[in-house]
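Participant: Quick one: sequence and predicted model below, then my questions.
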Amino acid sequence: MLNQIDEIQGIGLHLDLVLRKIQEAYLRKFEELGVDMTIEQWVILYRIYQLGDEASQSDIVKSNFRNRATTSRVIGGLERKGWIAKTRFEGDLKRFKLELTPQGQKIIAIIEPHANILREQAVMGLDTLEFNIFLKVLDQIGENYEAYE
């Protein structure tokens with residue numbers, strides 16, 4: 001097994017190369033659509049959209065796999081672009097509520113159909129069993145590294 005890993009220059013390099021291809025495809029699509037957006041901004045904007053009225057900054061941090069400072073910086077950028085509004089939850093002054101503005105909703109409407117096509121493209125040629133095995137393998141590799149900590 002280690003010989004195979006050596007042949008592909010290591011698992012991390014291989015995963016990084018694939019991740020870059022995915023990111024480049026998304027960034028090209030954003031540019032084609034005339035939307036000035038980073039991958040991180042899309043991930044967080046879309047997560048706010050998914051969470052709806054209950055989206056909080058702490059929920060985004062927990063589900064984003066990035067540290068609090070990075071997430072706060074990206075949220076600030078989305079706010080400056082006018083795509084989200086950041087307020088406090090009624091009766092809970094500790095939590096920040098994140099809501100899409102009409103402009104943010106427009107960005108979702110522009111990008112989401114194309115993001116769905118890119119997601120479909122990613123699994124083209126894979127059947128359900130192959131995709132489930134792929135996810136299981138990724139999860140196992142992740143767990144192996146968590147156990148190493």
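Facilitator: On my side now, so go ahead.

Participant: Before we move on, what's the pLDDT of the residue nearest the centre of the chain?
Facilitator: By C-alpha atoms, centre = their mean, the mean C-alpha position of the chain lies nearest to residue 43, the distance being 3.4 Å. Looking at residue 43, its pLDDT is 94.

Participant: what's the nearest residue to it if we skip its chain neighbours?
Facilitator: residue 64 (6.9 Å; C-beta to C-beta, 6 or more residues apart in numbering). Yep, even glycine has a C-beta here, placed from its N, CA and C like the rest.

Participant: Please apply the same query to residue 59.
Facilitator: Nearest to residue 59 is residue 51, by C-beta to C-beta, 6+ apart, at 6.2 Å.

Participant: okay but that neighbour is in contact with residue 62, surely?
Facilitator: No: if you go by C-beta atoms under 8 Å, residue 51 and residue 62 don't touch, sitting 11.0 Å apart.

Participant: just for the protein, where's the confidence low?
Facilitator: 1-9, 148-149 (pLDDT under 70).

Participant: Residue 85 touches residue 103, doesn't it?
Facilitator: No: between residue 85 and residue 103 there is no contact under C-beta under 8 Å: 10.1 Å.

Participant: those strands in this structure, which residues are they?
Facilitator: 84-89, 92-100 (DSSP state E).

Participant: For residue 69, find the nearest of those.
Facilitator: strand 92-100 (14.6 Å; C-beta to C-beta).

Participant: Please point out which parts of the closest one sit buried.
Facilitator: Judged by neighbour count (16 or more other C-beta atoms under 10 Å), strand 92-100 contains these buried residues: 96, 97, 98, 99, 100.
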